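Engineer: return atomic coordinates for the entry below.
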Amino acid sequence: MKYFIANWKMNMSLEDIVSWLEKFSKLELKQDPSRHIIICPSFPHLSLIKEVSRKIGFEVGAQDLSLFERGAHTGETGNFQLKELVNYCIVGHSERKESLNTVIIKKDLCIKTGIIPIICFVGKKNLTKLDTKGAILCWEDPNNISKGGVYREKNPLEIAKGMKEIKEKVSKGTTVLYGGSINRENIKSLNEIKEIDGVLVGNSSLDPNHFADIINTAI
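Structural biologist: Model (predicted):
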């Protein structure tokens, strides 16, 4: 695996983040030049994460972006603003329940600005519309996503079968991640699925030790 993405969702206060960063910076991670560790905090904390990212050794991503490029859109955050802080942006996460058209617009805005979109999808029928040069895809199964810290794990054989079908549908060389109840207990079996290029980690990434264990197990 090459990609380890922490999606903190609407968690982590400023105090929590300072504590997380302090603990994570002291952990020993296995080194791999092809590895990408990406932290995706809420909008208010992007500047802080950006400030310390190089020192600690990770990249920064946003959890979403506006449908609009700029203008009178109170409360929205545009692609040109995110470009100042991030290299990646999660698009179309299943929790947001966005339409295919919305996801495509956001994906295209990322590409236009030079942000790498991490495009989440549930079904496989629209893959050709989402598969774009310069983008990362992430397969999610809503029935497999942990809620409230409760993991709902999927059979690794089913995941392997699904990932193989996905890789056959997308362009050769497309990076495809897996998201859904990733933790230190199942990362070993997921790492054995050669089609998985990385993982999108939710609840487990809120604990720096747990997140580090996932990375170290998969490298």
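Engineer: can you tell me the SS state at the residue located most distally from the centre of the chain?
Structural biologist: Distance from the centre of the chain peaks at residue 72, with 28.9 Å (CA atoms, centre = their mean). Under DSSP: H, G, I helix; E, B strand; the rest coil, the three-state class of residue 72 is coil.
Engineer: number of residues surrounding residue 217?
Structural biologist: For residue 217, the number of neighbouring residues by other CB atoms under 10 Å comes to 16. In short, each C-beta sits where N, CA and C put it, glycine included.
Engineer: surely it and residue 187 touch.
Structural biologist: Yes - look at residue 217 against residue 187 with CB atoms under 8 Å: they come within range, at 4.8 Å.
Engineer: right, and the helix or strand after the helix or strand harbouring residue 46?
Structural biologist: With elements taken from DSSP states H and E, the one containing residue 46 is helix 46-56. Next helix or strand after helix 46-56 toward the C-terminus (DSSP H and E): strand 59-62.
Engineer: go through that following strand and flag the buried ones.
Structural biologist: 59, 60, 61, 62 (16 or more other CB atoms under 10 Å).
Engineer: return the list of helices and strands in contact with it.
Structural biologist: If contacts are counted by 3 or more CB pairs under 8 Å, 6 or more residues apart in numbering; DSSP states H and E, strand 59-62 sits against strand 36-40, helix 46-56, strand 88-91.
Engineer: most neighbours per residue, which of these?
Structural biologist: strand 88-91 (a mean of 26; mean count of other CB atoms under 10 Å).
Engineer: quick check: mean pLDDT of that strand?
Structural biologist: What strand 88-91 shows for mean pLDDT is 98.
Engineer: chain center to that strand, what's the gap?
Structural biologist: Centre-to-centre, strand 88-91 and its host chain are 7 Å apart (CA atoms, centre = their mean, to the nearest Å).
Engineer: C-alpha coordinates for that strand, PDB please?
Structural biologist: Coordinates of each C-alpha in strand 88-91 appear next as PDB, following Å, rounded to 0.1, in the frame of the first residue of the first chain:
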ATOM      1  CA  TYR A  88      -5.700  16.600  -1.900                       C
ATOM      2  CA  CYS A  89      -9.400  16.800  -1.400                       C
ATOM      3  CA  ILE A  90     -12.000  14.100  -0.500                       C
ATOM      4  CA  VAL A  91     -14.900  14.300  -3.000                       C
END
